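Asks: Take this sequence and fold it.
(2 chains, ligands or ions: 2)
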Amino acid sequence: MLYREAGDYKKSYAEDSQTFPLKLDRYGYYAILAIAFLVVPFVINDYWASAVLIPFLIWSIASLGLNILTGYCGQVSLGTGGFMAVGAYASYKLMTSFPDLNIMIIVLLSGAITASVGVLFGLPSLRIKGFYLAVATLAAQFFLVWLFNKVEWFYNYSASGQISAPTRSMLGFEVTGPAASASAKYLFCLVLVVLFAWIARNLTRGRIGRSWMAIRDMDIAAEIIGVNPLKTKLTAFAVSSFFIGVAGALFFAVYLGAVEVGEAFGIQKSFLVLFMIIIGGLGSVLGSFIGAAFLVLMPVLLKNIMVIRLGWPGDLAGHLELVIIGGIIMLTLVLEPHGIAQIWRVTKQKLRLWPFPH
Amino acid sequence: MTATADTYETPDGRTIGGKVLEMRNITLRFGGVVAIKDISFDIREGEIRAIIGPNGAGKSSMLNVINGFYHPQEGEIWFHGEKRKPMKPYQIAKQGIARTFQNIALFKGMSTLDNIMTGRFNQMKTNMLAQMLWKGPAEREEVENREIVEKVIDFLEIQAIRKTPVGALPYGLQKRVELGRALAAQPKLLLLDEPMAGMNVEEKEDMSRFILDVNDEFGTTIALIEHDMGVVMDISDRVVVMDYGKKIGDGTPDEVINNQDVIDAYLGVDHG
Ligand SMILES: Nc1ncnc2c1ncn2[C@@H]1O[C@H](COP(=O)(O)OP(=O)(O)OP(=O)(O)O)[C@@H](O)[C@H]1O
Ligand SMILES: [Mg+2]
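Replies: Ligands and ions are numbered 1, 2, ... in the order given. Modelled structure (predicted):
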C-alpha cells in the first residue's frame, strides 16, 4: 500500500475538515511549497520564468477566481478577460498616479477595484441564469475592452494607446519594469498565489462556500435555509473579480510590462480561463491549478515537439496545437466531466486500497 | 376564549399550546386558476398538523404561501401572534420556519454532511474576514455547528452515508437527508411536503418514527402533507382537508374521516 490512511485517524471535527486530511498529502504539499520557495528561485532562468512559471502562477489566480464564481457558485462568466483588463488598468492608473505606493498594495487595490466592477456586472445574475447570464457577461467583456480603448484617460493619453508598467520594487527588488529579474517576478507572483489559494480554500470550506454551492445546486432550496440569493451571488462575483483583477494586474505589470487591451485581454482570455477550470475541475481549488498548468504547459510542450524536434513550420504547428488542445478538452469532458482533479481523486481512492481491491 | 392562550390535551397526554401560525382567509390565484380559496386554519405549539386532500387540491401551494414562495392575493398570515408582512423565503427561514419539498430539493453536488451543514446557515455568523482566515472564530463556529449536525446525523441513523454525495443515494435516504437539513436549522415550525411519498412500508415506518421523535424530543411544531391516510391517522393531532382549493374539513383524525364532505372528496363524487 503506497498511499494509505491506515493509522491516520481523525480525533476531532476540526481535523476532519482540514485541507489535507491525510499525512501523506500534507507532506507532499509542504514539499512542493519548500521547492517553490527555496529551490526554484535559485535555478530559474528567463525562458522558464516567462514561458512557464510566471504565466502558470498568474493564470492560477485567474482560474481560482473564475472557479469560485462558476465552479462553486454556478454563475457562468465569459467576462474574465474584461475583468483582468480592469485589474490591469487599475494598477496602471494607480502606479502612475501614486508613484510611491507599494506595488503589493497597488496589486491588491486593483483587485478591490475589479471586485466592485464585478459586483456591478453581477447584478443581472439575480434575474438571468445560465446561458443568458453568460451572454450578459460576454457583453461586459466587449464593453470593458471597448471602454479601455476609447477613453484616453485610462492610458494617460499616450499616442500608442498602450499602457506600460513603470519600475516598482518590493523589499528592494525590482518586480516590474524592464530590469526586474526572473526570480523576483516569480517570487512576487508566488506569494500572491499562495495567499489567494489559501483564501479560496478557506472561503469554500465553510459557511460562505456552502451557500455558494447551495445556490449553484438548487437556488430554491438555498433560499429556504436562509440564503439570500442576491447577496450570495454578488459576494461570489466580488471575490471572483478580486482574484481576476489581481491576475490582470500581474499579467500587465509583472508579466507583459506593456499592454494593448484588445490583444492582452480579449475574449480568447475569457475562454482560456473557462477551459482551465473545466479541464482542471469545476468547484475544486486543486483543479484550478491543474487546469492552469495544463493549458500553460501544453502549448509549450507541443511547440517544442513540433517545431524544435520535428522541424515543422511554425504556422502549421500553431494550427495543429489548437486542434490538439481542443481534442484534449473534448476528451476530458467525455471521459471525466468533473475534470482532472476528479481523476486524481479517484486514482488516490484506488491507491489507498491497493493492492486489495475492496 | 382569547386567540392565543388556549391549549388542548391530546389523547396521548401531550399538551398543545397556543397558535404558532394562523392563516386567515387566504386566497391564492394563478391567473384564472384559484389554487387556494378563502382558507383559514391555525397550527398550534407542539402539534403535528396534517394537510390532506386529493391531487391538485392546493396543499403544496399552502406550504409555499407559509414559507414565502407564493404571495396570496388575499388574507393574512399571523406568526407568533403578529401579522406577517410580505417577506422573502430566506427572511422567513430566519424566523425559524424550515421545510422539505415534495420533489427532493437537495444540493446534488454536495455530501450528506455538507447538505445538513447548510441547514445551519442561519445560525452561523462569522464574517467574511474570519472565514478567510479560518483559524479562530470561523473554525470554532464550524466545529460547534458540526457537533449539532452530527447529533442530527445520529438521530436519523445516517452515519454511514455522512461523506457520500447525495446524488448517489437511494430515494428513501435522500428524503431522510432532506429532513436532516431542515432539522439542523432547529426550526420552531417544520413543514414537510409528502415526506413519505414513494417509500415502502418499512421506510414509511422509519420516517413516521422520526417525525414523532422530533416532535416529542425537541417539541417542534410540525405541519405535514401526506397522502397515506393510515399514516395521517397514526401521527397527526389535527387534520385540515382541502379539495379544489377549498377547506372541506378540519379537526381530529376521527372527526375528519367521519365528515361527509371528506368522504365524498375521497370517493370522487362528481363536483358538478
Ligand atoms: N406556480 C404555479 N403556477 C400556476 N399554477 C400553479 C402553480 N403552482 C400550483 N398551481 C396550480 O395550483 C393547483 C394546486 O396545486 P398544488 O401543487 O398546490 O396541489 P397539491 O395539493 O400539492 O397536489 P399534489 O397532491 O398533486 O401534490 C393546481 O391546479 C396547480 O396546477
Ligand atoms: Mg403537492
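
Asks: by contact count, what packs against the strand or helix carrying B:Val240?
Replies: Counting by DSSP states H and E, the element that carries B:Val240 is strand B:238-243. Secondary-structure packing of strand B:238-243 (3 or more C-beta pairs under 8 Å, 6 or more residues apart in numbering or on different chains; DSSP states H and E): strand B:33-44, strand B:48-52, strand B:246-251, helix B:253-257, helix B:260-267. In short, each C-beta sits where N, CA and C put it, glycine included.

Asks: Would you mind finding the most buried of these?
Replies: strand B:48-52 (a mean of 25; mean count of other C-beta atoms under 10 Å in any protein chain shown).

Asks: That one vs strand B:33-44, what angle?
Replies: Counting by axes from the mean of the first three to the mean of the last three C-alpha atoms, to 10 degrees, strand B:48-52 lies at 160 degrees to strand B:33-44.

Asks: Run the contact check for strand B:48-52 versus ligand 1.
Replies: No: shown here: strand B:48-52 not in contact with ligand 1 (C-beta under 6 Å from any ligand atom), separated by at least 8.2 Å.

Asks: So in that sheet, which strands flank that strand, and in what orientation?
Replies: Sheet pairing of strand B:48-52 (DSSP bridges) gives strand B:221-225 (parallel), strand B:238-243 (parallel).

Asks: Closest residue of chain A to ligand 2?
Replies: A:Ile220 (14.6 Å; C-beta to the ion).

Asks: and residue 211, what helix or strand is that in?
Replies: Since you didn't name a chain, this refers to chain A. Going by DSSP H and E, A:Ser211 is in helix A:207-217.

Asks: ah, I was thinking of chain B
Replies: When secondary structure is defined by DSSP H and E, B:Ile211 falls within helix B:201-218.

Asks: Repeat that for B:Val152.
Replies: For B:Val152, the host element (DSSP H and E) is helix B:137-155.

Asks: Give me the residues contacting that helix.
Replies: The contact list for helix B:137-155, computed with C-beta atoms under 8 Å, 6 or more residues apart in numbering or on different chains, reads A:12-14, A:16-17, A:202, A:205-207, B:112-113, B:116-117, B:119-120, B:123-126, B:130-131, B:159, B:162, B:180, B:183-184, B:186, B:210, B:213.

Asks: related to what we said a few turns ago, with mean neighbour count added, can I get the strands paired with strand B:48-52 in a markdown table?
Replies: As requested, those are exported to a markdown table (neighbours: other C-beta atoms under 10 Å in any protein chain shown):
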| stretch | mean neighbour count |
| --- | --- |
| strand B:221-225 | 24 |
| strand B:238-243 | 24 |
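
Asks: Can I get those in TSV including distance to B:Ile48 and mean pLDDT?
Replies: Below are the strands paired with strand B:48-52 laid out as TSV (distance: least, C-beta to C-beta, whole Å; pLDDT from 0 to 100):
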stretch	distance to B:Ile48	mean pLDDT
strand B:221-225	5	97
strand B:238-243	8	95
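
Asks: tally of neighbours for the closest residue to A:Ala214 other than its chain neighbours?
Replies: Distance criterion C-beta to C-beta, 6 or more residues apart in numbering or on different chains; nearest residue to A:Ala214, sequence neighbours excluded, is A:Ala222 at 3.7 Å. A:Ala222 is flanked by 27 other residues according to other C-beta atoms under 10 Å in any protein chain shown.

Asks: Next, the buried residues of whichever helix or strand B:Val20 is part of.
Replies: Per DSSP H and E: B:Val20 is located in strand B:19-30. Neighbour counts over strand B:19-30 (16 or more other C-beta atoms under 10 Å in any protein chain shown) mark B:19-23, B:26-28 as buried.

Asks: What parts of the stretch 51-200 of chain B come near chain A?
Replies: Contact residues, the stretch 51-200 of chain B versus chain A (C-beta under 8 Å from any C-beta of the partner chain): B:67, B:69, B:88-90, B:93-94, B:98-99, B:101, B:105-110, B:114, B:117-122, B:124, B:126, B:128, B:131-134, B:138-139, B:141-143, B:146-147, B:150, B:181, B:185.
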